[in-house]
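K.L.:
Mind folding the following:
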Amino acid sequence: MMKTILAGLACAAALGAAPVTQAAVVTFNNPGLVEVDNATNIATYTEAGLNLSGDAASFLPIDGIGVDSSGALVVLPFSTLRLFVESGTFDLLSASLGVFDAFGVGAMGTVNIVGGGMTSMISLAELTSFSFAGYTNLKQVTFTSDVAFILDNINFEVDGAAVPEPASLGLAGVALAGLMAARRRRYRAAG
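P.N.:
Model prediction:
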């Protein structure tokens, strides 16, 4: 019986020690504040654990220009937008990109994406979803373009251990209390 309990605890410990990835999507649908550091003139916007940073006044979340007329981020021409997480690494899975065509003339341009030894140059026109195979284990990724472009629905995974939710901790506590009660009953019955 004790071997079964120890085997179960060993399995639980192995599962708990395994690295966990947390997937998230930055949609810009309910944008928060863009914080500006006046000393460095660097602006940072954070959503779903992903930080987007660049020169102040080089990007702005705007409602109604994204996928299905949702919110999106506009990045101005010749600006560098840097994506990163507070600690650890992340995988860039996909994002919607397109030219910010304010005058409706069918503008076109390119965006360069650099991160983790990978470089991509994507031709832009209308807002389209792109997948980023190989953009894994990133400390940061940068986007630069010769035209104003729209960035929406950034799908990414944060690498590392997840913080357990309170309900899971509560269930683990109930399980441990049950094991202790069962052991106490057996001890009293034997004594």
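
K.L.:
Can you list the residue ranges for strands in this protein?
P.N.:
Listed in chain order, the strands of the chain (DSSP state E) span 22-26, 35-37, 42-47, 50-55, 59-62, 72-75, 80-85, 90-99, 109-115, 118-124, 128-131, 140-145, 149-158.

K.L.:
CSV for those, including mean pLDDT, distance to Arg183 and mean neighbour count?
P.N.:
Every C-beta, even on glycine, is put in place using the N, C-alpha and C of the backbone. Shown next, in CSV, are the strands of the chain (pLDDT from 0 to 100; distance: least, C-beta to C-beta, whole Å; neighbours: other C-beta atoms under 10 Å):
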stretch, mean pLDDT, distance to Arg183, mean neighbour count
strand 22-26, 88, 35, 17
strand 35-37, 95, 53, 13
strand 42-47, 96, 47, 18
strand 50-55, 96, 46, 19
strand 59-62, 90, 56, 19
strand 72-75, 95, 56, 25
strand 80-85, 96, 43, 20
strand 90-99, 96, 43, 21
strand 109-115, 92, 52, 19
strand 118-124, 93, 54, 14
strand 128-131, 95, 52, 12
strand 140-145, 96, 50, 20
strand 149-158, 96, 39, 22
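
K.L.:
which one of those lies closest to Arg188?
P.N.:
The closest approach between Arg188 and any of these, judged by C-beta to C-beta, belongs to strand 22-26 at 44.3 Å.

K.L.:
Show me the contact partners of the closest one.
P.N.:
Surrounding strand 22-26, the residues in contact under the criterion C-beta atoms under 8 Å, 6 or more residues apart in numbering are 47-50, 52, 93, 153-158, 162.

K.L.:
domain parsing for this structure?
P.N.:
18-158, 164-191 (automatic domain parsing).

K.L.:
Please state the offset of the first one from the chain centre?
P.N.:
It stands for domain 18-158. Relative to the chain's own centre, domain 18-158 is displaced by 11 Å; criterion: C-alpha atoms, centre = their mean, to the nearest Å.
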